[in-house]
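In: Generate coordinates for the sequence data below:
(2 chains)
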Amino acid sequence: MFEYFRNLDRRWIFLLMLLSVAVPIYVIGKTKETFPETALPLATNVFNEIEALQPGEKVLLAFDYDPGSEGELGPMATAFTYHCSSRGLKLYFMALWPLGRQMIDDNIAKVIEPDFPDMVYGEDYVNLGFKAGNEGVIKVIVTDIKQFYTTDARGTNIEQIPMMEGIKSIQQMDLMLNVSAGYPGTKEWVQYAVTPYPKEIKLVGGCTGVQAPLLYPYIPQQLPGLLAAIKGASEYESLVIKAYPPAEGKEAKYMEAQRRMGPQLVAHVLMVLLIVAGNIIFFIERKRGARA
Amino acid sequence: MNRETLLWVIVLLIGAALLAGRAMFAENGMGKAYITPVEKTYVGLDADVAEAAEAEAETKTVWVSIDELPEDFDVDAVADDDVVSWDTYETKDYAAYIAAQNAGTNDVVFSLSHTIGIWIAALLTLFVLSFLIKDNPLYKVAESMFIGISAAYWMVVGFWDTIVPNLFAKLAPGPTTAWALPGIRDEAQFELIYIVPLIFSILLLMRLAPKAGWLSRWPMAFFIGTFCGFRLISFLHGDFLAQIRNTIVSLYAKTPQFAADGTAMLNEAGAPIMDFTFWGSVQNLILVIGVLACLVYFFFSFEHKGVVGGTARLGIWFLMVTFGAAFAYTVMGRIALLAIRIEFLFDDWLWLIDPTGRRAVEAVGMIVLAPLGMA
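Out: Okay, the predicted model is just below:
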């Protein structure tokens, strides 16, 4: 028995992990039940920063992610869009990742067009699209947005877009929301936008789990709130849905992260059990080695 | 045929049989996509832009969506050259398709191309996951496709989002406006300074010429120098100095007091009333001790013995906790990525689950559909 577990084919572990994720997804998909969620301070801070804005105030949403991290970041991007739209804010979308533009389009098609049909493109929201240049773009648009953005993502001249009238730089934004999958992302926004202009630019955001430990040092002075991975998204979702209940039949669209916490729970329990089992085998082996 | 190959063949055959069975005999089928065609019509109207331009009056054509024109506007009266129409396609759910069928309309139709897209995405997902069993040709196919498509995509995006607007539009605004970017026509001006990046770009391409390859070192040196300058300042300002400041925290932490209704309590001077917080103080204490202990661990001018050694060992503990947190977050991220792929397979492809109610149709009035969903 000991020898069997000591030499266990790793593919059994993969199979267990697959089942631990697939079974909860199936069960939650069938029952439509999710685990209760309690928001922690970091997610609450993000929520409160948006709540503090008045209708009509300007928010820059930088969606710096792509399909590779959509599973982790998509729910928080959807929740950001829904929350800001519900608050009646002016939304300025942009992306520093090439596929970020598609992520913006997806969110507009998923949230704004079906659920906020009164919002008018160019007056209530605008997609500025992707710009190459990584932190170079940030460095420029903190002082002169039109040096980089002459047209929006649809090719319309910036001068012809009503909500761009009078916008000279992103310092005029009342809040910045960043969804970050890596480089360039939240770290670069903190370094090149928030740090040089701490009074003018306020940033909160969401990031992948891999990035979260690297961004914690910026909290709270440089980054008042952060949604760390799918857990942060789930907490934030619960706050948004509670404050702004979606129309009947549309709740599930805004509960993606909460649905994905089920597989997280089971997979984490499996991970803990595997770590414990691995350590038991290690200590038994060491004990046997010492006897020999 | 060896035992492992035989097992693979059996697994693939069973999988294919299950898929075929589900596609043909399940009540609603699986992996189908539906769309609704939307006609977009724009009408070209003359607009006087004399006020906008400093020069003498001129007339230009403004394209207006037919949806924005008055209801009594007669499109037929406009010359054919000034009316442009095309079809776009909006993705629709199965429920919308059934509703349209029940209403006797063809507003929502089956989309073969979108359906093929779902199946390709599903099969490529399985191909990539098959690597967990063993490296195999199916995985190689998916990997090669990914690399090729990514490289091509980056090239196209780089050309249209960087070279065209940032170089061509600056050096040749007129032709670029006419050819690619009509949106920039009002303020596009020739900018001589962009000759420099053009020359640098050409020099960089000299890497491809064996005898002139050394010329590419100049722009490379410029890029590296500029980038280092950018990064150095940002790290000094945003990380080094800011982190020192963030570490200088009070060990006697105070927090604002809130009334029962959630509003901050203010004193007579209008300032928030602050009160001692035990756990906030503990948090700050751990922060300061952790930073100091980790700094001592990386301080090698003294041998790590005695007090220095003990503090360094404490620093290792803090580092281990940090690595553990980073590892746990990574696990959470990877599980989330696996979850979205499985959710895609179960929901969009196999139609086993329907968490968002996209295929929720009324049982009464449902029509019998052909296996591929084409009425």
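
In: the longest helix in the chain is where?
Out: The chain I'm using is chain A. Identified as the longest helix of chain A according to DSSP state H is helix A:261-291.

In: meant chain B actually
Out: Chain B, longest helix under DSSP H: helix B:306-344.

In: Contact residues of the stretch 1-150 of chain B facing chain A?
Out: By CB under 8 Å from any CB of the partner chain, the residues of the stretch 1-150 of chain B that approach chain A are B:132-133. Every residue, glycine included, has its C-beta placed from N, CA and C.

In: and the residue of the stretch 1-150 of chain B nearest chain A?
Out: residue B:132 (4.6 Å; CB to the nearest CB).

In: dump the residue contacts of that residue.
Out: Counting by CB atoms under 8 Å, 6 or more residues apart in numbering or on different chains, residue B:132 touches A:11, A:14.

In: Counting neighbours, what do you get for residue A:279?
Out: For residue A:279, the neighbour count with other CB atoms under 10 Å in any protein chain shown is 10.

In: Tell me the spacing between it and chain B.
Out: Relative to chain B, residue A:279 is positioned 14 Å away (CB to the nearest CB, to the nearest Å).

In: and what of residue A:24?
Out: 9 Å.

In: Show the model's pLDDT score for residue 286.
Out: No chain specified, so I'll use chain A. Turning to residue A:286, the model gives it a pLDDT of 89.

In: not quite, I wanted chain B
Out: The model's pLDDT for residue B:286 equals 94.

In: so which helix or strand takes in it?
Out: Following DSSP states H and E, one finds residue B:286 within helix B:278-297.

In: Let me see the mean pLDDT of the longest helix of chain B.
Out: Average pLDDT, helix B:306-344: 93.

In: Can you point out the buried residues in that helix?
Out: Within helix B:306-344, the residues that qualify as buried are B:311-312, B:314-315, B:318, B:326, B:328-344, counting by 16 or more other CB atoms under 10 Å in any protein chain shown.

In: quick revisit: and the helix holding residue B:286, what other elements does it pack with?
Out: Secondary-structure packing of helix B:278-297 (3 or more CB pairs under 8 Å, 6 or more residues apart in numbering or on different chains; DSSP states H and E): helix B:242-247, helix B:306-344.

In: Go through these and name the closest to chain A.
Out: Nearest to chain A, of these and by CB to the nearest CB, is helix B:306-344 at 2.7 Å.

In: can that closest one be found next to chain A?
Out: Yes. Applying CB under 8 Å from any CB, one finds helix B:306-344 in contact with chain A at B:322, B:325-326, B:328-343.

In: Can you tell me what sits against the helix or strand that contains residue A:240?
Out: According to DSSP H and E, residue A:240 maps onto helix A:229-243. Residues lying outside helix A:229-243 but in contact with it, judged by CB under 8 Å, 6+ apart, are A:37-40, A:42-44, A:46-47, A:51, A:71-73, A:75-76, A:79, A:82-83, A:86, A:206-209, A:212, A:226-227, A:251, A:254-258, A:260-261, A:264, B:329, B:332-333, B:336.

In: what sits up against the helix or strand following that helix?
Out: Counting by DSSP H and E, the element after helix A:229-243 in chain order, helix or strand, is helix A:256-259. Helix A:256-259 is contacted from outside by A:25, A:28-29, A:34-35, A:37, A:74-76, A:78-79, A:230, A:233-234, A:236-238, A:252, B:343, B:355, using CB under 8 Å, 6+ apart.

In: Now which of these would you call buried?
Out: Judged by 16+ other CB under 10 Å, buried ones among those: A:25, A:28-29, A:34, A:37, A:74-76, A:78-79, A:230, A:233-234, A:236-238, A:252, B:343, B:355.

In: before we move on, the earlier item: out of the contacts of helix A:229-243, which are buried?
Out: Buried, going by 16+ other CB under 10 Å: A:37, A:39, A:42-44, A:46-47, A:71-73, A:75-76, A:79, A:82-83, A:86, A:206-209, A:212, A:226-227, A:254-258, A:260-261, A:264, B:329, B:332-333, B:336, out of these.

In: Could you say which helix or strand holds residue A:94?
Out: Counting by DSSP H and E, residue A:94 is found in strand A:90-95.

In: got the buried residues for the next helix-or-strand element following that strand?
Out: Note on strand A:90-95: by DSSP H and E, the next helix or strand toward the C-terminus is helix A:100-107. Residues of helix A:100-107 classed as buried under the neighbour-count rule (16+ other CB under 10 Å) are A:100-104, A:106-107.

In: do stretch A:83-95 as well
Out: Buried-residue list, stretch A:83-95, by 16+ other CB under 10 Å: A:83-87, A:89-95.

In: one step back: now for the strand holding residue A:94, which elements pack on it?
Out: strand A:58-64, helix A:70-87, helix A:100-107, strand A:125-130.

In: what comes into contact with the first one?
Out: Counting contacts by CB under 8 Å, 6+ apart, the residues outside strand A:58-64 that touch it are A:50, A:53, A:77, A:80-81, A:84, A:89-97, A:100, A:103-104, A:107, A:167, A:170, A:172-182, A:184-186, A:189.
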